[in-house]
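Q: Just a sequence and a predicted model for now, questions to come.
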Amino acid sequence: MRRIRRMLGDPPGWVVVLFAALLFAGTLAFFLSRTPHGKPQALVTNDGRYYWAYLASLATDGDLDFTDEYADPAIGNPYGFQCTVTAGVVSALGRSLRAKSGRLIDNIIQTDAALNPGNSGGPLVTSRGEVVGVNTAVILPAQGLCFAIAINTAKFVASRLMRDGKIRRSYIGVGGQNVVLPRRVARFFALPAEKGVLVVSVEPDSPAQQAGLRQGDVIVRYGDHPITGIDDLHRLLTEEQVGMRAAMTILRRAEKIVLDIVPAESTDRIQERH
């Protein structure tokens, strides 16, 4: 996010862009103008690259359905062609998309509105001019497989960045991998699923080490929630879990053990931890 300085008597505001657009950023400039209908628009420039954002009203992704939102424009500057608009249909809501860090992003909107380099960070809007998503990614070998982050997620992240300057997450300090448990083991311990997370490493002085977690343990439950994979842990280790004591159920050799663990706030922004 970048703050827009006060210009021409207008109150200051914020522009939301994707991290990928700012990864190699130097100086950003914002050029504000208005459409013939009086709605504001912003042109964001960075070292010759242009990102155009139509500052329409923000809806909620819950407003989007398949009966009336059949033509959703995506706005941006693909390959430097300013103010390009493409339209398509919303194929699905609630998709999941894996980020480069390995973390799973939920509540993704799938559309066939054409996205190209330069659309990233631009809005996905409805036929009523309401922003319902932030254009995010495409699957390059395919055609018509484009994705946008739902506006509810974008508004949540934006509010946290404006309030705290960062997104707070909790972590327990383990490296793990998904494993399939033998059926007899799952039945013997009355587990709801035949899957878990194998602990392959424990960070020194981490909440996991303090709780007594060891390499080779298999995490099968966190609090009241069964753990069938690393994505389950990611979804549970939210801001609200920082400093909150929880019961973690593990399998260690032939024993089922319950440990008390207190997640800490994650401060490492480079390496993803669980």
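A: Looks like it arrived, so ask away.
Q: Could you use CA atoms for every contact and neighbour count after this?
A: OK.
Q: Please identify the longest helix in this protein, counting by residues.
A: If you go by DSSP state H, the chain has its longest helix at helix 151-164.
Q: which other helices and strands contact that helix?
A: Secondary-structure packing of helix 151-164 (3 or more CA pairs under 8 Å, 6 or more residues apart in numbering; DSSP states H and E): strand 130-138.
Q: Restricting to C-alpha, output the strand it packs on in CSV.
A: Extracted in CSV, the C-alpha atoms of strand 130-138 (Å, rounded to 0.1, in the frame of the first residue of the first chain):
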residue,chain,number,x,y,z
GLU,A,130,-18.1,-2.3,-7.8
VAL,A,131,-14.6,-3.7,-7.0
VAL,A,132,-14.9,-7.3,-5.9
GLY,A,133,-11.3,-8.5,-6.3
VAL,A,134,-7.7,-7.6,-7.0
ASN,A,135,-6.2,-9.2,-10.1
THR,A,136,-3.5,-11.5,-9.0
ALA,A,137,-2.3,-14.4,-11.2
VAL,A,138,-2.8,-16.5,-14.4
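Q: ok, that strand: who's next to it in the sheet?
A: Strand 130-138 has the following strand partners under DSSP bridges: strand 57-58 (parallel), strand 123-125 (antiparallel), strand 146-150 (antiparallel).
Q: quick one on the thing from earlier: report the buried residues of the longest helix of the chain.
A: Within helix 151-164, the residues that count as buried by 16 or more other CA atoms under 10 Å are 151, 152, 153, 154, 155, 157, 158.
Q: quick one on the thing from earlier: need the winner for burial among the strands paired with strand 130-138.
A: strand 123-125 (a mean of 29; mean count of other CA atoms under 10 Å).
Q: does residue 221 sit in a helix, a strand or a coil?
A: Secondary structure of residue 221, reduced to three states by DSSP: H, G, I helix; E, B strand; the rest coil: strand.
Q: Measure how the longest helix of the chain sits relative to strand 130-138, angle-wise.
A: On the basis of axes from the mean of the first three to the mean of the last three CA atoms, to 10 degrees, helix 151-164 is oriented at 90 degrees to strand 130-138.
Q: what's downstream of helix 151-164, the next helix or strand?
A: On the C-terminal side of helix 151-164, the closest following helix or strand by DSSP states H and E is strand 170-171.
Q: Is residue 265 bridged to anything, and to what?
A: Beta-bridge partners, per DSSP bridges, of residue 265: residue 170.
Q: count of residues packed around it?
A: As a burial measure, residue 265 scores 17 neighbours (other CA atoms under 10 Å).
Q: try residue 190
A: 10.
Q: And for residue 244?
A: 12.
Q: Excluding chain neighbours, what is closest to it?
A: Leaving out its chain neighbours, the residue that sits closest to residue 244 by CA to CA, 6 or more residues apart in numbering is residue 262, at 5.6 Å.
Q: Residue 245 too?
A: residue 262 is the one closest to residue 245 (CA to CA, 6+ apart), at 4.5 Å.
Q: hang on, that neighbour packs against residue 242?
A: Yes - the criterion here is CA atoms under 8 Å, and residue 262 meets it with residue 242 at 7.4 Å.
Q: Just the pLDDT at residue 168, thanks.
A: The score at residue 168 is 83. That number is its pLDDT.
Q: what does residue 69 give?
A: 45.
Q: swap in residue 104?
A: Listed pLDDT for residue 104 reads 78.
Q: Same check on residue 36?
A: pLDDT, residue 36: 50.
Q: Would you mind splitting the protein into its domains for me?
A: 2-164, 170-265 (automatic domain parsing).
Q: Those domains: lowest mean pLDDT?
A: Mean pLDDT values for these show the minimum at domain 2-164, a mean of 67.
Q: tell me which of the buried residues of helix 151-164 is nearest to residue 181?
A: Proximity of these to residue 181 (CA to CA) peaks at residue 153, which lies at 34.0 Å.
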